[in-house]
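[1] I'll drop the sequence and a predicted model, then ask my questions.
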Amino acid sequence: SLIFFIGTFAIVTKLPKEFVPAQDISSFMMRVKSPDGSSLAYTDDATKEVERYLMGRKEVLRYFVAIGGFGGAAEASTSNLFVTLKEPKD
C-alpha cells in the first residue's frame, strides 16, 4: 500500500486539473446595476448606453435585454443583457 500511495503522486501530475473543461459558447451575460432606488426610466437610459456600445462592436452577433431584472418592481435598478458573439472564425 505504501508503493501504491507514492505512485498516486506520480500519476496526479498527469491528470487534468479541472473538473469541468473550459468551453467557449460565444455568449455571456451582463448585469447593469444603477443606484438603488433608481427609476425604471433611469435604468433604461443607462442600459441604452451599454446597448450603443454593443452595437458598435463587430464581434457581437446579437443581444437581448431584460430591463428591471427578473424580480419585478423591486429590481427596477437592474437590467440583464444576454450577448451572443459571432463564431471565432468570423
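    Yes, it's here.
[2] what's the next secondary structure element after the worst-scoring helix or strand of the chain on mean pLDDT?
    In the chain, the helix or strand scored least confidently by mean pLDDT, DSSP states H and E is helix 2-12, which has a mean of 84. In the C-terminal direction, the helix or strand that comes right after helix 2-12 (DSSP states H and E) is strand 27-33.
[3] what pLDDT does the model give Tyr53?
    For Tyr53, the pLDDT comes out at 96.
[4] so, low pLDDT: which residues of this structure?
    Residues of the chain meeting the criterion pLDDT under 70: 18-21, 69-74.
[5] can you pull out the residues in contact with whichever helix in it runs longest?
    Criterion DSSP state H: the longest helix present in the chain is helix 40-55. For helix 40-55, contacts defined as CB atoms under 8 Å, 6 or more residues apart in numbering pick out 30, 32, 34, 38, 60, 63, 65, 67-68, 76-79, 81, 83. Where you see a C-beta, it was placed from the backbone N, CA and C, and this is true even at glycine.
[6] between those, which sits nearest Leu2?
    Ranked by distance to Leu2 (CB to CB), these are led by Met30 at 53.0 Å.
[7] show me the beta-bridge partners of that closest one.
    Taking DSSP bridges as the rule, Met30 bridges to Leu81.
[8] is it in contact with Thr78, as I believe?
    No. The criterion here is CB atoms under 8 Å, and Met30 misses it with Thr78 at 11.1 Å.
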